[in-house]
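**Student:** below are the sequence and a predicted model for it; my questions follow.
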Amino acid sequence: MRSNDGVLGRTVTREVSNYFSVPILMVQKIWRRAIETVHNTGTVDVSHRRSINCGRKRILIEPHQVTDIPLHKRTTLRSMAIAMNVSLTTLFRRKKEGFIRRHTNSIKPHLKEDNLKGRLQFCISMLDKHTIPHEPKFVDMYNMVHIDEKWFYMTKKTENYYLLPTEEEPLRTCQSKNYIGKVMFLAAMARPRFDEEGTEIFSGKIGIFPFVTMEPAKRRSKNREAGTLELKAATSVKREDIKACLIEKVLPVIHEKWPIEDRGKTIFIQQDNARTHIECGDKDFQEVASSNGFDIQLMCQPPNSPDLNILDLGFFSAIQSLQHKECPKTIEDLVRAVEESFENYSTEKSKAEKKILIVEELEREKKKKEEKSIVVEIVFSQESA
């Protein structure tokens, strides 16, 4: 249709190639065959000249061939190909077609029956009692403060850089890769609040507090004289350190930053079950927590349940990714980088993470068939109570 007395224009071949998404050589080959058949037979015939059942046959893989192989032999395509007695190329093509998929599996803590009951009871306790049983909804959890500790390191063992071909590779050194400088922080985070127009009212960021001390230098060096006060990171954090941080740092900041309209309500500080954490009924803590008209109480999340804490769920990873963009050389630089990353983290992201925390956990628990009887026992025990 685009030819003029059997002659094509300069760009026609390329236009047809782009239109049908085929190579330009294929278009030229078909056109030559059409001209040739017209001269020989008077008709146009561009059908292929292959015989019946020609070419290499497709190797079919049935689903049961994959499921019959143990998982430990399906860690790589090469080992899987050997176990299935097929070529590596065939498996790679099936992967591109979507017949098989790559899955990264992480090991999970083993949950006993008491752990399963505790997790379910925790999720049920987050339901609004006024919406049960017709339209159960979760409480807003605005009165929850999550706390947890984490080590932040000066740098990572391996780092990726983009360099020019002629640029020299950077040299990073330390005395031991197993003893990279680090500081432990205690972070406290609540759910942020926004008004109807989307304006931030309360960021939910209580604070992130390092476990460091000021100590005089024992020896003289080129950087400072002996006796100069230096910032030193705590090598270990004990229960007394956690207790002092809560009483002297966390509680005063809550008293200062907490929204005025909710100061008469009970505030729960959720912690995990680490041995270094103080007990929920600690007298010294309760004395300070109940001052200034506040009612602050400690609560523990279920054992072996780090996914029920917003900090372990993703907040620490986000803070660490921001902190690694800096290049701290000293303890002071590391503390400053972590604190700035904490303050610069978007409250919009933390709002979404907090909202789906309990919902995702309850959905995962519902999918486990072995827990159906446990759900029935909890419901019956609550009704009898």
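**Tutor:** Perfect, I can see it now.
**Student:** and for the one helix or strand Ser317 maps to, what are the contacting residues?
**Tutor:** Using DSSP states H and E, Ser317 maps to helix 316-323. By CB atoms under 8 Å, 6 or more residues apart in numbering, the surrounding residues in contact with helix 316-323 are 148, 150, 152, 187, 208, 334, 337-338, 341-342, 344-345, 349. Bear in mind the C-beta positions are built from the backbone N, C-alpha and C, glycine included.
**Student:** checking the residue nearest in space to the middle of the chain next. Helix, strand or coil?
**Tutor:** Centre of the chain computed as the mean C-alpha position; nearest residue by CA atoms, centre = their mean is Gly314, 5.0 Å away. Under the three-state scheme (DSSP: H, G, I helix; E, B strand; the rest coil), Gly314 adopts helix.
**Student:** let me know the pLDDT of the closest residue to His277 other than its chain neighbours.
**Tutor:** Counting by CB to CB, 6 or more residues apart in numbering, His277 lies nearest to Gln271, which is 5.1 Å off, once chain neighbours are set aside. Looking at Gln271, its pLDDT is 93.
**Student:** pull the contacting residues for Gln271.
**Tutor:** Applying CB under 8 Å, 6+ apart, the residues near Gln271 are 147-148, 277, 298-301.
**Student:** just how off-centre is the helix holding Ser317 within its chain?
**Tutor:** 11 Å (CA atoms, centre = their mean, to the nearest Å).
**Student:** how about stretch 291-308?
**Tutor:** So, by CA atoms, centre = their mean, the centroid of stretch 291-308 is 23 Å from its chain's centroid.
**Student:** same question for stretch 83-98.
**Tutor:** 30 Å.
**Student:** any regions of the chain where pLDDT drops low?
**Tutor:** In the predicted model of the chain, residues 349-385 satisfy pLDDT under 70.
**Student:** domain map for it?
**Tutor:** Annotated domains of the chain cover 63-97, 116-158+180-218+225-384 [automatic domain parsing].
**Student:** so how far is Met299 from the residue nearest to the centre of the chain?
**Tutor:** Look at Gly314 and Met299: by CB to CB, to the nearest Å, they are 21 Å apart.
**Student:** so for stretch 58-68, first residue to last residue, what's the gap.
**Tutor:** Across its full length, stretch 58-68 reaches 22 Å between end residues, using CA to CA, to the nearest Å.
**Student:** go on, stretch 299-311?
**Tutor:** The first-to-last residue distance of stretch 299-311 comes to 16 Å (CA to CA).
**Student:** now do stretch 1-13
**Tutor:** 12 Å.
**Student:** what is the neighbour count of the closest residue to Pro303 other than its chain neighbours?
**Tutor:** Spatial nearest neighbour of Pro303, excluding adjacent residues (CB to CB, 6+ apart): Asn273 at 5.2 Å. Here the number of neighbours of Asn273 (other CB atoms under 10 Å) works out to 11.
**Student:** so who does Asn273 touch?
**Tutor:** 300-301, 303.
**Student:** which of those residues lies closest to Val86?
**Tutor:** Checking the contacts of Asn273 against Val86 by CB to CB gives Pro303 as the nearest, at 45.5 Å.
**Student:** Met184 versus the residue nearest to His277, what's the distance?
**Tutor:** With CB to CB as the criterion, Gln271 and Met184 are 15 Å apart.
**Student:** over to Arg78?
**Tutor:** 42 Å.
**Student:** now do Ile260
**Tutor:** Separation of Ile260 from Met184 (CB to CB): 33 Å.
**Student:** cool, and Phe211?
**Tutor:** Relative to Met184, and taking CB to CB, Phe211 is found at 5 Å.
**Student:** now do the shared contacts for the two.
**Tutor:** With CB under 8 Å, 6+ apart as the test, Phe211 and Met184 both reach 233-234, 237.
**Student:** can you show me the helices along the stretch 51-200 of the chain?
**Tutor:** 63-67, 77-84, 88-97, 113-125 (DSSP state H, counting those that start in this stretch).
**Student:** need those in TSV with mean neighbour count and distance to Arg220, can you?
**Tutor:** Shown next, in TSV, are the helices of the stretch 51-200 of the chain (neighbours: other CB atoms under 10 Å; distance: least, CB to CB, whole Å):
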stretch	mean neighbour count	distance to Arg220
helix 63-67	11	68
helix 77-84	15	59
helix 88-97	14	62
helix 113-125	16	55
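**Student:** can you list those in TSV and add distance to Ser3?
**Tutor:** Listed next are the helices of the stretch 51-200 of the chain as TSV, based on distance: least, CB to CB, whole Å:
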stretch	distance to Ser3
helix 63-67	50
helix 77-84	48
helix 88-97	38
helix 113-125	72
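**Student:** closest one to Trp31 among those helices?
**Tutor:** helix 88-97 (31.4 Å).
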